[in-house]
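A.B. asks: I would like to see how this sequence folds:
(chains A and B)
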Amino acid sequence: MTHSCILKPYSTSSSLRAQRSSPQSTAESVRRISPCFLADNLMIGYFKGFCTRTLKKSFVFLLLFSAVYGSVTLMSILIRFLWRGIPTSALSASSFILAMLIYEPLSEVVIGVTRRIFFEKKKDYAQKIQELTDQFAYGHHSDRVAEAMMDYLTREMELQWAAVYLKNPDDNHFILNSCRGGVPFRTLESQEPFLNVLRRVRKPVVLRPFDGFGLNRGEERIVIRKAGVAAAVPFFLEENIHGVLLLGRKKSEDAFSREEEALLETVMEKISMFFLSSVLLKEAARSSLELGQRLKMAALRNLARGVHHEVRNPLHALSLFAGATLEEIQSQRWDNLLPEDLIRQIHSRLEAMLSEIARIRDSLGRFAQFARPDKQEVPFALRLDEEIHKFLALMKDGHKLDDIRVNAQILESCKVLATPGILQTALFNLFNNAMEAMKGHGEIDLAIASETDGFVKISMRDNGPGIPPEILPHIFDEYFTTKSDSEAAGIGLSMLRHQIEKVGGRVEAFSVPGQGAEFIIHFRRA
Amino acid sequence: MTNMKTIMIIDDEPRITEAFMLNFQYEEAFKVQAFNDGAEALKQLNHTVPDLVVLDWRLQGGIQGRDILRHLKERHPLIPVFVVTASIHFVEEIESFKPAACLLKPCQDLKDRIIQALKD
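C.D. replies: Predicted coordinates:
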């Protein structure tokens, strides 16, 4: 079985579901992608949902109406029995007002109870929490995470509306980031009463029946209900609220269950964690130049050893040529040569020496190009074949290819969007990893292939021992390393991933233990 | 001609062996045998024994400088071997074999040192 670890900038809920789906359900999902089939399904689904909700509401209304009507009738009979002088109209009016007052909170209880008894399928909330956790675990972008969360919650809880607000660092107001359904606010003041409530309680506040009517529990729920919100979930960044998720009532109009409240707590914890990691990532990105330089320095030091070799060898030849020539002149061996022989002799020596000088110049030039800081931040169209030839020449200079055979299948005139620095560093790091895995001896298959989705893939496969399956999913994690003495311990592959993602690409690793490892970089085609 | 000394140079770079030979082309007391391939040099060493060997440590192909040095130390421990290398990182390993000299490329006064060693 091939173990794979796929890293993408973000992952949508659908792709996650696809990853989890079994082979049988994959076949089913393939069948489902027909547009007509999808449209039919959507319409049928919408119609079914509408019918179910209408049926539930009618059922509940009848139940509630019967209860209220029965109570009022009973009360009227009782009151008239005790106080015969009371006018029937006053009694009816007060009964009606009372029924109106209790209708709203009562409806939530009745709806909840009837749903549970008659309609609700048993939901496995442990599974739901796990699904939600998985969704956030793959997110790398706050907007995408917010969208995924909105989709998930509105679908799972059948909400009338839901919205995420994120703090604007300029004025500390909370701005609408993403929403589903009709949202009551576009922005929230920093000192909004219910935000203060959330700051105090530091957990999701979910309305339950009778909450906020003064009949049950604290002031915080009164504030929440006044704001027209059914549930408010704060996201904390360290001690401060960084965002808030507001949920409207459910389409079925029943209250949130305890399990759903637990789900929202999970949302709070995970999203808060996401913001924290996102801030750390931003900090890392801010110092990415420094980190990138560190990674590059490690690569440079590694290469310098080989380039040193590549410079000393031609210098040695130069020194031998110069020594021989000087000695021949000093010992007057050239004095008796014919002028044309002398010229031929000098010419051939100078040619040999110049070719050695050119070798040094080329080698240092390639090295300097690799060592130069990547000033070009914006990716641009790069000829992949040229860059790979340059890279292989550099590896040859660095004597990296002495015991490594590279089988290169390079597609001509293929352009990708990247920066030379990112591309060369990516190739170097993957090459070096492969070389270390193969303990300096082995074969590397380097191939370029054009993909149908607008990407070009560079695959580098070695014939080393492979990556153990327990390690494979973590190799791109920050500070994960199996090396103790690496210059860039634990930042190599994670930094590489960030750099590749920075230019819109992605990187994957595959390995079958005992049969080598394969790294695939996908760059956007230019 | 009986006291003509044979110097064997083993270096995978033809330009280096060529330049080395130029240094000895007018020296009648010395004959230079040049090899760019370690395996061929090793084969030759089984037939003839040079008076001095100039050996590059890192060679292209399967046979490396260390294989040749090991062979010489076992079979002909008295032949002086000048090991030359372009990388400082091999010096420690080379010196563990105790060759006559371990020189970093580009070598200064290589010819003089060779002649001196052969005189001794």
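
A.B. asks: Number of residues surrounding residue A:68?
C.D. replies: Look at residue A:68: counted by other CB atoms under 10 Å in any protein chain shown, it has 18 neighbours. All C-beta atoms are positioned from the backbone trio N, CA, C, and that covers glycine.

A.B. asks: do the one 3 residues further on as well
C.D. replies: Applying the criterion other CB under 10 Å, we find 14 residues in the vicinity of residue A:71.

A.B. asks: mind listing the helices for chain B?
C.D. replies: With DSSP state H, the ranges of helices along chain B come out as B:14-24, B:38-47, B:65-75, B:91-96, B:110-119.

A.B. asks: what's next to the shortest one, contact-wise?
C.D. replies: With contacts defined as CB atoms under 8 Å, 6 or more residues apart in numbering or on different chains, helix B:91-96 is touched by B:57, B:65, B:66, B:69, B:83, B:85, B:102, B:104.

A.B. asks: just the second one next, same as before
C.D. replies: Under the contact criterion CB under 8 Å, 6+ apart, helix B:38-47 has outside partners B:8, B:10, B:12, B:33, B:35, B:59, B:61-65, B:67-68, B:71-72, B:75-76.

A.B. asks: How far away from the center of its chain is that helix?
C.D. replies: Distance of helix B:38-47 from the chain centroid (CA atoms, centre = their mean, to the nearest Å) equals 12 Å.

A.B. asks: Domains in chain A, by residue range?
C.D. replies: Here the domain assignment for chain A is A:34-119, A:125-282, A:290-524, based on automatic domain parsing.

A.B. asks: which of the contacts of helix B:91-96 tops the neighbour count?
C.D. replies: Of these, with other CB under 10 Å as the count, residue B:65 tops at 26 neighbours.

A.B. asks: Identify the residue nearest it in space, chain neighbours excluded?
C.D. replies: Residue nearest to residue B:65 in three dimensions, not counting chain neighbours: residue B:57, with 3.8 Å by CB to CB, 6 or more residues apart in numbering or on different chains.

A.B. asks: Give me the distance between that neighbour and chain A.
C.D. replies: 10 Å (CB to the nearest CB, to the nearest Å).

A.B. asks: Double-check that residue against residue B:66; I have them as touching.
C.D. replies: Yes: between residue B:57 and residue B:66 there is a contact under CB atoms under 8 Å: 7.1 Å.

A.B. asks: For chain A, what lies in contact range of chain B?
C.D. replies: Residues of chain A that fall close to chain B, judged by CB under 8 Å from any CB of the partner chain: A:305, A:308-321, A:323-325, A:327-328, A:331, A:333, A:352, A:355-356, A:399, A:402.

A.B. asks: If any of those are buried, give me the PyMOL selection for them.
C.D. replies: Selection of buried members from the residues of chain A next to chain B for PyMOL, criterion 16 or more other CB atoms under 10 Å in any protein chain shown:
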select buried, chain A and resi 305+308+309+310+311+312+313+314+315+316+317+318+319+320+321+323+324+325+328+352+356+399+402
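
A.B. asks: lowest average confidence, helix or strand, in chain A?
C.D. replies: Lowest by mean pLDDT, DSSP states H and E among the helices and strands of chain A is helix A:13-20, with a mean of 36.

A.B. asks: what's the spacing between the closest residue to residue A:367 other than its chain neighbours and chain B?
C.D. replies: Leaving aside its sequence neighbours, residue A:367 sits nearest to residue A:307 (CB to CB, 6+ apart; 4.8 Å). From residue A:307 over to chain B the distance is 10 Å, taken as CB to the nearest CB.

A.B. asks: and residue A:307, helix, strand or coil?
C.D. replies: Assigned with DSSP: H, G, I helix; E, B strand; the rest coil, residue A:307 falls in the helix class.

A.B. asks: Report pLDDT for it.
C.D. replies: Per-residue confidence (pLDDT) for residue A:307: 72.

A.B. asks: and if you look at residue A:110?
C.D. replies: pLDDT for residue A:110: 68.

A.B. asks: Am I right that residue A:238 is in contact with residue A:276?
C.D. replies: Yes: using CB under 8 Å, residue A:238 is in contact with residue A:276, at 7.2 Å.

A.B. asks: picking that back up, I'd like the contacts of helix B:91-96 laid out as JSON lines, including pLDDT.
C.D. replies: Shown next, in JSON lines, are these (pLDDT from 0 to 100):
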{"residue": "B:57", "pLDDT": "92"}
{"residue": "B:65", "pLDDT": "93"}
{"residue": "B:66", "pLDDT": "92"}
{"residue": "B:69", "pLDDT": "95"}
{"residue": "B:83", "pLDDT": "96"}
{"residue": "B:85", "pLDDT": "92"}
{"residue": "B:102", "pLDDT": "94"}
{"residue": "B:104", "pLDDT": "92"}
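
A.B. asks: What is the nearest of the residues you listed to chain A?
C.D. replies: Chain A lies nearest to residue B:104 out of the contacts of helix B:91-96, by CB to the nearest CB, at 7.2 Å.

A.B. asks: For the closest residue to residue A:98 other than its chain neighbours, give its distance to residue A:89.
C.D. replies: The spatial neighbour of residue A:98 that comes closest, neighbours along the chain excluded (CB to CB, 6+ apart), is residue A:72 at 7.6 Å. For residue A:72, the distance to residue A:89 equals 14 Å [CB to CB, to the nearest Å].

A.B. asks: same check, this time on residue A:447
C.D. replies: According to CB to CB, residue A:447 and residue A:89 sit 90 Å apart.

A.B. asks: and these two? which has more neighbours close in?
C.D. replies: residue A:447 (16 against 8).

A.B. asks: Look up the closest residue to that one, ignoring the ones flanking it.
C.D. replies: Nearest to residue A:447 is residue A:409, by CB to CB, 6+ apart, at 4.4 Å.

A.B. asks: separation between the one you found and chain B?
C.D. replies: As for residue A:409, its distance to chain B is 24 Å (criterion: CB to the nearest CB).

A.B. asks: follow-up on the earlier one: neighbour count: residue A:238 and residue A:276, which is higher?
C.D. replies: residue A:276 (15 against 9).

A.B. asks: in terms of contact, does the more buried one touch residue A:237 like I think?
C.D. replies: Yes: using CB under 8 Å, residue A:276 is in contact with residue A:237, at 6.2 Å.

A.B. asks: Residue A:448 - that's part of a helix, no?
C.D. replies: No: per three-state DSSP, residue A:448 lies outside any helix segment and is strand.

A.B. asks: and the residue lying closest to it once chain neighbours are set aside, what does it touch?
C.D. replies: Once flanking residues are discounted, residue A:448 sits nearest to residue A:411: 4.4 Å by CB to CB, 6+ apart. Listed by CB under 8 Å, 6+ apart, the contact partners of residue A:411 are A:384, A:385, A:448, A:449, A:450, A:456.

A.B. asks: helices and strands of chain B: which one bottoms out on pLDDT?
C.D. replies: Per-SSE averages on chain B (mean pLDDT, DSSP H and E): minimum helix B:91-96, a mean of 89.

A.B. asks: Name the residues of that helix that are buried.
C.D. replies: By neighbour count on 16+ other CB under 10 Å, the buried set for helix B:91-96 is residue B:94.

A.B. asks: Same question for stretch B:81-89.
C.D. replies: Within stretch B:81-89, the residues scored as buried using 16+ other CB under 10 Å are B:81, B:82, B:83, B:84, B:85, B:86, B:87.

A.B. asks: Show me the shaky parts of chain B.
C.D. replies: Scanning chain B with the threshold set as pLDDT under 70 gives B:1-2.
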